[in-house]
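Enquirer: Sequence first, then the predicted structure, then my questions.
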Amino acid sequence: QVQLVESGGGLVQAGGSLRLSCSVSRRTLHAMGWFRQAPGKERDIVAAINRSGGSTYYADSVKGRFTISRDNAVNAVYLQMNSLKPEDTAVYYCAVSRELGTPAAIGQYADWGQGTQVTVSS
């Protein structure tokens, strides 16, 4: 079983930046993604990246502000978050898919981290 550990969350003021990291316990050549879940809401896709890193997907709400990347040499995926807004406040989860491409549906992901809290103050 793959284990994923997120880090980099915290408290930041609106307009600020954070960089989330996710370390994966073994090499994966499948798609990876970042999801988030705010209190009382469903877990939604934020961004996804294919095996090579050459193709990405972003939710409309984060396009132009967030950047997903991966480093297969160290089994890690990252989420650079700029121009943060209070509505970005959520627990952020990284996940590994069993599929190629840039899957955007939660059901397309098989392994999950425990999550890291991101809080954006106004």
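Expert: That came through fine. Numbering: from 1, shown residues only.
Enquirer: which element is the residue nearest the centre of the chain on?
Expert: Closest residue to the average C-alpha location of the chain: residue 34 at 2.1 Å, with CA atoms, centre = their mean. Taking DSSP states H and E as the criterion, residue 34 maps to strand 32-37.
Enquirer: Now do that strand: which elements does it pack against?
Expert: Here strand 32-37 touches strand 18-24, strand 44-49, strand 66-71, strand 76-81, strand 90-97, going by 3 or more CB pairs under 8 Å, 6 or more residues apart in numbering; DSSP states H and E. (Each C-beta comes from the backbone N, C-alpha and C, glycine too.)
Enquirer: As CSV, the ones you listed with mean neighbour count would be great.
Expert: Output for the helices and strands packed on strand 32-37, formatted as CSV (neighbours: other CB atoms under 10 Å):
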stretch, mean neighbour count
strand 18-24, 19
strand 44-49, 23
strand 66-71, 18
strand 76-81, 22
strand 90-97, 23
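Enquirer: Take these and lay them out in JSON lines including distance to residue 58.
Expert: Below are those laid out as JSON lines (distance: least, CB to CB, whole Å):
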{"stretch": "strand 18-24", "distance to residue 58": "14"}
{"stretch": "strand 44-49", "distance to residue 58": "5"}
{"stretch": "strand 66-71", "distance to residue 58": "6"}
{"stretch": "strand 76-81", "distance to residue 58": "10"}
{"stretch": "strand 90-97", "distance to residue 58": "14"}
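Enquirer: do you know which of these lies nearest residue 115?
Expert: Residue 115 lies closest, by CB to CB, to one member of the helices and strands packed on strand 32-37: strand 90-97, at 4.2 Å.
Enquirer: now the angle between strand 66-71 and the closest one, please.
Expert: Relative orientation of strand 90-97 versus strand 66-71 (axes from the mean of the first three to the mean of the last three CA atoms, to 10 degrees): 40 degrees.
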